[in-house]
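In: I would like to see how this sequence folds:
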Amino acid sequence: METLRPRLNLLSHMEVYNGYPMSLVVALILHFAILAALVYSGITRPAPNPEIVQPSIRAFTIDENPQTRNERMQQQRTAEQQERERQSELQRQAELERQRAAEEAARREEQERQAEAQRQAEQLRQRQAEEDAQRERQADLQRQAELERQREAEQRTRDLELQRQRELAMQQEQQRREAEAAAAASAEVARTEQEMVMAYTGIIHDLVQQNWSRPPSARNGMTVVFRIQMVPTGDILDVQLVQSSGDFAFDRAAETAIFRVGRFQELQGMPINMFNENFRSLLLTFRPEDLLN
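Out: Purely as a prediction, here's the structure:
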């Protein structure tokens with residue numbers, strides 16, 4: 001714009017000169033005359049200290065042709081319009097450039113946002129995968145721990161069962177030994193008791209034999225059985241005929257011999273259990289060959 005103005009001024013001056021030819025000629029002649037005088041003066045009379053004298057330029061106001069002025073103003077308006085259009089184009093291009101830059105920035109921002117979203121989604125997926133793997137490991141550890149507890153519980157149950165079986169076997173063995181010992185003791189007691197019963201029975205037979213009087217009708221092979229009811233003091237409460245020999249005299253003689261004894265004092269020191277089981281109600285058998293005359 002600044003370089004265009006001198007050109008417009010020069011054109012305007014040339015238009016002025018073209019409009020007034022005489023004035024231009026007079027001005028040129030005057031300028032040349034002044035220049036010649038100055039040159040001549042400087043050559044003929046040099047000064048001791050020469051000074052540079054600036055030529056003075058006088059401006060003359062020349063009336064402008066209206067047609068030229070209109071054309072000049074039209075050209076100026078056209079130039080200004082073109083300048084405005086150029087500036088508008090530059091602004092439009094700058095705006096387009098800003099829009100493209102903004103779009104590019106928005107596109108890059110969108111790409112970065114998508115990339116960030118993808119990274120976050122990938123990180124979330126990885127975290128979820130790690131959490132799932134961690135939960136799976138925890139679940140597997142829990143299953144293994146549960147299986148281990150079940151195995152330990154089953155082992156404890158088996159151990160308790162084995163211990164119970166061993167204790168039961170030991171109890172059974174102890175019971176068997178105790179039973180055997182008790183049986184042996186019972187057998188020993190039974191043998192001892194049987195021997196004592198036989199001994200007391202022998203005493204009773206001896207006492208009855210001492211009071212026996214054999215009748216003339218007694219023969220070998222006769223047998224008579226009596227039930228004798230006694231008390232622990234040895235006193236006879238009752239005598240009952242259980243089995244007759246078929247000979248009244250023989251039966252009567254045996255019964256009389258029992259009553260003659262009256263009391264078996266030797267039974268007083270007998271254990272009460274043995275007495276109750278064997279002598280409270282005693283079956284006593286008589287045979288002629290077992291008795292003395």
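
In: now the strand or helix carrying Y200: average pLDDT?
Out: Take DSSP states H and E as the rule and Y200 turns out to sit in helix 66-210. When pLDDT is averaged over helix 66-210, the result is 86.

In: name the helices or strands packed onto it?
Out: Here helix 66-210 is seen to pack against helix 4-19, helix 248-261, helix 272-278, strand 281-286 when contacts are counted using 3 or more CB pairs under 8 Å, 6 or more residues apart in numbering; DSSP states H and E. Using the backbone N, CA and C atoms, a C-beta is placed for each residue, glycine as well.

In: that helix to helix 248-261, inter-axis angle?
Out: With axes from the mean of the first three to the mean of the last three CA atoms, to 10 degrees as the basis, helix 66-210 and helix 248-261 are set at 110 degrees to each other.

In: for the helix or strand following helix 66-210, buried residues please.
Out: Tracing the chain C-terminally past helix 66-210 and defining elements by DSSP H and E, one meets strand 224-230 next. In terms of neighbour count (16 or more other CB atoms under 10 Å), strand 224-230 has its buried residues at 224-226, 228, 230.

In: what's the answer for stretch 278-292, then?
Out: When burial is assessed from 16+ other CB under 10 Å, stretch 278-292 yields the following buried residues: 278-279, 282, 284, 286, 288, 291.

In: so what touches that stretch?
Out: 197, 200-201, 204-205, 208-209, 212, 214, 218-231, 242, 245, 250, 254, 258, 267, 270 (CB atoms under 8 Å, 6 or more residues apart in numbering).

In: which among those count as buried?
Out: The buried subset of the contacts of stretch 278-292 - by 16+ other CB under 10 Å - is 197, 200, 204-205, 208, 212, 218, 222, 224-226, 228, 230, 245, 250, 254, 258, 267, 270.

In: before we move on, back to that, turn the buried residues of stretch 278-292 into a markdown table, including distance to E97 and pLDDT.
Out: Listed next are the buried residues of stretch 278-292 as a markdown table, based on distance: CB to CB, whole Å; pLDDT from 0 to 100:
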| residue | distance to E97 | pLDDT |
| --- | --- | --- |
| N278 | 141 | 86 |
| F279 | 144 | 86 |
| L282 | 147 | 87 |
| L284 | 152 | 87 |
| F286 | 157 | 81 |
| P288 | 163 | 73 |
| L291 | 161 | 50 |
